[in-house]
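Engineer: Show me the folded form of this:
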Amino acid sequence: MRLQSKWIAIGRLGACAVAVGGVASTAQGAPQSFVGVPTANPRTAGVAVPNVLTPELMETIVAQGSMKLENGTTDFPYYGYDGDGTLVPLAGALQAPGHNVEATKTEPDKNTYLVLAGQHGFDPNYDYGTHFLYQGHENGTRNAITGLAMGYLTRVNLDADAAHRVTLLATNDVNGNPLPAIDGSTWYPWASQLLFTFEGGTNGGVWQSTVDYPSTVVDLGGILGRGGYEGIQADSDGNLWIVEDVGGAKGAVNKHARQPNSFVYRFIPYDLADLTAGGVLQALQVESRANPGQPIVFHAGQADADILAQDQQDLHTYGFSFFTRWVKLHDTAVDGFAPYDANALAKTLLATPFKRPENGLFRPDGRFRQFVFDTTGDTDATTEAGSAFGGFGAVFVLTQKGPSRNDGLLTLLFRGDVDHTALDNCAFTDTSHVIFVEDRGDLLHGQHNALDSGFVFDLNVNYANPLTPAPVRILALGRDASSTVDSSLLEAGNGFQNDGDNEITGIHVSDGDPTLGGILGMKPPHVFKGGWRVFYTQQHGDNVTWELLPTH
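Structural biologist: You can find the predicted model right below:
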């Protein structure tokens with residue numbers, strides 16, 4: 001049976017029509033123009049290098065790992081370090097199995113900016129201001145019982161002095177369970193809750209948190225399920241869109257490539273004001289061009305076949321369009337509130353797997369008809385999948401007539417290559433330009449001799465055309481001194497517990513509007529004007545969170 005009735009012409013989508021290799025303009029918001037940075041920073045053993053920004057931008061620190069939390073504990077004393085060691089290795093210290101040469105780094109991740117009045121902190125006599133940056137932390141000391149890294153929630157008080165700059169909001173949920181390592185975050189105004197995700201596979205999921213200090217945190221695993229959830233975003237109907245980052249099996253033949261193993265989800269709540277009331281979780285299903293009327297699906301035990309499948313080549317071919325529908329995975333009204341494995345259900349019910357989609361956002365024109373998301377790919381320069389089969393990731397556009405529609409159209413905006421790969425976090429700068437940042441990892445950094453970069457993509461151009469300029473690099477991330485030391489310790493082995501090279505994460509453009517009209521996608525961004533601000537985190541190493549500013 002076909003996934004849906006075919007549209008007579010793509011043009012029936014009207015103003016949201018999809019162009020070959022791009023997306024038709026909505027003509028809102030001024031185009032962004034940057035000189036750009038010509039090359040990525042090289043990765044040289046033992047050498048720390050500074051960040052390089054396009055000449056139009058500069059950056060300032062809003063928080064860094066060595067900042068003491070205003071209400072830190074013995075276990076969680078600093079913004080970016082646990083309390084299980086010194087912040088830098090002591091003279092003569094040698095890494096050995098079971099011994100930490102330095103403290104475990106907590107890796108503050110996705111940023112969510114809000115402008116709120118009447119917020120409190122640890123000091124009842126202090127005015128914390130109105131501008132706040134919320135984060136979960138992606139790493140931490142391992143829990144002795146579960147073996148999982150423990151995370152926590154922090155709030156950077158952007159108006160506060162150094163002593164009150166960062167507040168520890170929560171380390172446990174309402175049942176006393178330690179919070180997991182947190183990856184994604186967003187604000188859900190209908191319920192006045194922050195939502196945090198953990199890409200922990202069958203241990204992952206979504207946690208909701210109240211916004212003020214101290215925060216009350218609830219595990220939503222019995223409602224939205226367990227999965228490798230990372231990017232999370234609300235649409236104008238109050239649905240939640242979640243992208244999953246779960247690496248697949250490597251092939252027996254294609255030993256440097258992985259089987260597509262992650263899904264795109266949509267959650268439809270029963271009560272927008274109370275997510276704990278339950279709802280329906282769906283997963284995206286894409287129709288095959290090679291086998292019309294049949295979905296592209298996961299094949300258990302067939303990693304090599306899926307890695308180089310015709311469907312994967314088609315998905316990563318410019319000019320092709322794919323009909324989509326949403327398949328129901330779980331309904332709390334029927335299936336109950338016990339935690340469930342969303343990834344396994346997506347495979348059983350024939351949803352379509354992707355190569356690690358990590359983040360996505362709606363085009364900010366107020367219509368919520370176009371969802372732009374990336375796939376990271378294999379993060380290995382020797383991947384047998386190459387560009388043609390998605391080994392270097394991609395940027396896709398899902399177009400629907402409305403955010404709650406069941407049918408849609410999937411197109412390829414950009415096919416990754418070794419110079420533009422491992423795309424992760426994203427943020428729109430206007431209605432037609434979106435920043436995607438890389439998370440290559442140490443292996444690919446070394447293979448390609450290039451640290452991470454951030455690029456601006458134009459939704460109105462055809463990247464299939466060889467005359468089209470490549471995405472503009474606005475940030476060539478460097479490697480701070482701490483990260484350079486960590487990289488050496490990691491490569492030496494002996495059980496070093498922290499990551500090596502720095503990573504770009506949490507790129508975020510927002511005016512902080514906490515109302516329903518302020519959800520990302522509702523209004524065109526006007527960067528650096530009218531309260532619109534830009535943040536990102538240089539994760540690992542010194543764990544610095546930056547604010548980008550115009551140079552003039």
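
Engineer: what's in contact with stretch 244-262?
Structural biologist: 183, 199, 201, 227-230, 243, 263-265, 298, 302-304, 306-308, 312, 342-343, 353-358, 376, 378, 380, 382-385, 389-391 (C-beta atoms under 8 Å, 6 or more residues apart in numbering). For glycine as for every other residue, the C-beta is placed from the backbone atoms N, C-alpha and C.

Engineer: biggest strand in the protein, by residue count?
Structural biologist: strand 321-331 (DSSP state E).

Engineer: Paired strands for that strand, with orientation please.
Structural biologist: For strand 321-331, the paired strands and their directions (DSSP bridges) are strand 279-286 (antiparallel), strand 407-415 (antiparallel).

Engineer: which element follows the shortest one toward the C-terminus?
Structural biologist: In other words, strand 279-286. With elements assigned by DSSP states H and E, the helix or strand that comes after strand 279-286 is helix 303-307.

Engineer: Return the set of buried residues in that following helix.
Structural biologist: Within helix 303-307, the residues scored as buried using 16 or more other C-beta atoms under 10 Å are Ala303, Asp304, Asp306, Ile307.

Engineer: excluding its backbone neighbours, what's nearest the second one?
Structural biologist: In this case it means Asp304. Gly251 (3.9 Å; C-beta to C-beta, 6 or more residues apart in numbering).

Engineer: picking up where we left off before, list the buried residues in the longest strand of the chain.
Structural biologist: Ser321, Phe322, Phe323, Thr324, Arg325, Trp326, Val327, Leu329, His330.

Engineer: List the residues that contact the closest residue to Gly377 other than its chain neighbours.
Structural biologist: Spatial nearest neighbour of Gly377, excluding adjacent residues (C-beta to C-beta, 6+ apart): Gly393 at 3.4 Å. Contacts for Gly393 (C-beta under 8 Å, 6+ apart) come out as Lys355, Arg356, Asp374, Thr375, Thr376, Gly377, Gly416, Thr421, Ala422, Leu423.

Engineer: Those residues in strands, which ones?
Structural biologist: Among those, the members found in strands (DSSP E) are Asp374, Thr375, Leu423.

Engineer: Let me know the distance separating the last one from Arg325.
Structural biologist: Looking back up the chat, that one is Leu423. Note on Leu423: its distance to Arg325, by C-beta to C-beta, to the nearest Å, is 25 Å.

Engineer: Tell me which stretches of the stretch 1-150 of the chain form strands.
Structural biologist: Secondary structure of the stretch 1-150 of the chain (DSSP state E, counting those that start in this stretch): strands located at 18-19, 22-23, 52-53, 57-63, 112-115, 131-136.

Engineer: cool, and the stretch 151-300 of the chain?
Structural biologist: According to DSSP E, counting those that start in this stretch, the strands that the stretch 151-300 of the chain contains are 153-157, 166-170, 185-188, 193-198, 205-209, 217-219, 229-234, 240-244, 264-269, 279-286.

Engineer: Identify whichever of these lies nearest to Leu443.
Structural biologist: Nearest of the strands of the stretch 151-300 of the chain to Leu443, taken as C-beta to C-beta: strand 229-234 at 19.9 Å.

Engineer: Verify the contact between Val52 and Asn41 for me.
Structural biologist: Yes: with contacts counted by C-beta atoms under 8 Å, Val52 reaches Asn41, the gap being 6.5 Å.

Engineer: quick one: which of these two has more around it?
Structural biologist: Counted by other C-beta atoms under 10 Å, Val52 and Asn41 do not tie: Asn41 has more neighbours, with 23 against 19.

Engineer: Flag the shaky bits of the chain, pLDDT-wise.
Structural biologist: Residue ranges of the chain with pLDDT under 70: 1-32.

Engineer: which residue lies farthest from the center of it?
Structural biologist: Gly92 (38.1 Å; C-alpha atoms, centre = their mean).

Engineer: can you give me how far stretch 480-490 is from the chain middle?
Structural biologist: 24 Å (C-alpha atoms, centre = their mean, to the nearest Å).

Engineer: What are the buried residues along that stretch?
Structural biologist: Across stretch 480-490, burial judged by 16+ other C-beta under 10 Å covers Asp480, Ser482, Ser483, Thr484, Val485, Asp486, Ser487, Leu489, Leu490.

Engineer: again with stretch 376-393
Structural biologist: Neighbour-count burial for stretch 376-393, counted by 16+ other C-beta under 10 Å, picks out 376-381, 383-387, 389-393.

Engineer: So which of the buried residues of stretch 480-490 are in strands?
Structural biologist: Counting by DSSP E, the buried residues of stretch 480-490 contribute nothing to strands.

Engineer: Sort out which one of those residues lies nearest Met67 for me.
Structural biologist: Closest to Met67, out of all of the buried residues of stretch 480-490 and judged by C-beta to C-beta, is Ser482, at 14.0 Å.

Engineer: Grab the nearest non-local neighbour of the closest one.
Structural biologist: Sequence neighbours aside, Gly541 is the residue nearest to Ser482 in space, at 4.1 Å (criterion: C-beta to C-beta, 6+ apart).

Engineer: what's around that neighbour, how many residues?
Structural biologist: Neighbours of Gly541 (other C-beta under 10 Å): 28.

Engineer: How about the one 5 residues further on?
Structural biologist: Trp546 is surrounded by 23 other residues when neighbours are defined as other C-beta under 10 Å.

Engineer: And the contacts of the strand or helix carrying it?
Structural biologist: Using DSSP H and E, Trp546 sits in strand 544-550. By C-beta under 8 Å, 6+ apart, the surrounding residues in contact with strand 544-550 are 53, 56-65, 108, 111, 133, 135, 156, 480, 506, 528, 533-538.
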